[in-house]
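[1] quick one, what's the 3D model for this:
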Amino acid sequence: MDAADYLFPDGNLVLYLYNPFGLDVMKKVFANLEKAIAHAPRHVVVIMVNPEFASVADSMPSLRLHYLTRRFRIYQTAHASPATSK
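    Here you go, the predicted model:
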């Protein structure tokens, strides 16, 4: 399956990305994630190792940077927390 066409399932998600795509595909994947979160709000954690295209995640309204180092960044949805998400 083309990652740019992937539809994220309902429910809480953890995405672990080790710089898997070029910029164009990364933008499409994150646009699909943004739509999925808007359609069904939930707690989402995105872990980006070697975050070459972190600017894509940085530009998402639904994600907030939770933690960062030189080697990785962790984002999570701004409107949900693990304690309140179903």
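
[2] all contacts plus neighbour counts: C-alpha atoms, from now on.
    Will do.

[3] end to end, how far does stretch 52-66 reach?
    17 Å (Cα to Cα, to the nearest Å).

[4] neighbouring contacts of that stretch?
    19, 23, 26-27, 30, 34, 37, 48, 73-79 (Cα atoms under 8 Å, 6 or more residues apart in numbering).

[5] run the last query once more with 7 Å
    For stretch 52-66, contacts defined as Cα atoms under 7 Å, 6 or more residues apart in numbering pick out Asn19, Leu23, Lys27, Glu34, Ile74, Tyr75, Gln76, Thr77, Ala78.

[6] for the longest helix along the chain, buried residues please.
    Longest helix of the chain, by residue count under DSSP state H: helix 23-39. For helix 23-39, a neighbour-count test (16 or more other Cα atoms under 10 Å) marks Met26, Lys27, Lys28, Val29, Phe30, Ala31, Asn32, Leu33, Glu34, Ala36, Ile37 as buried.
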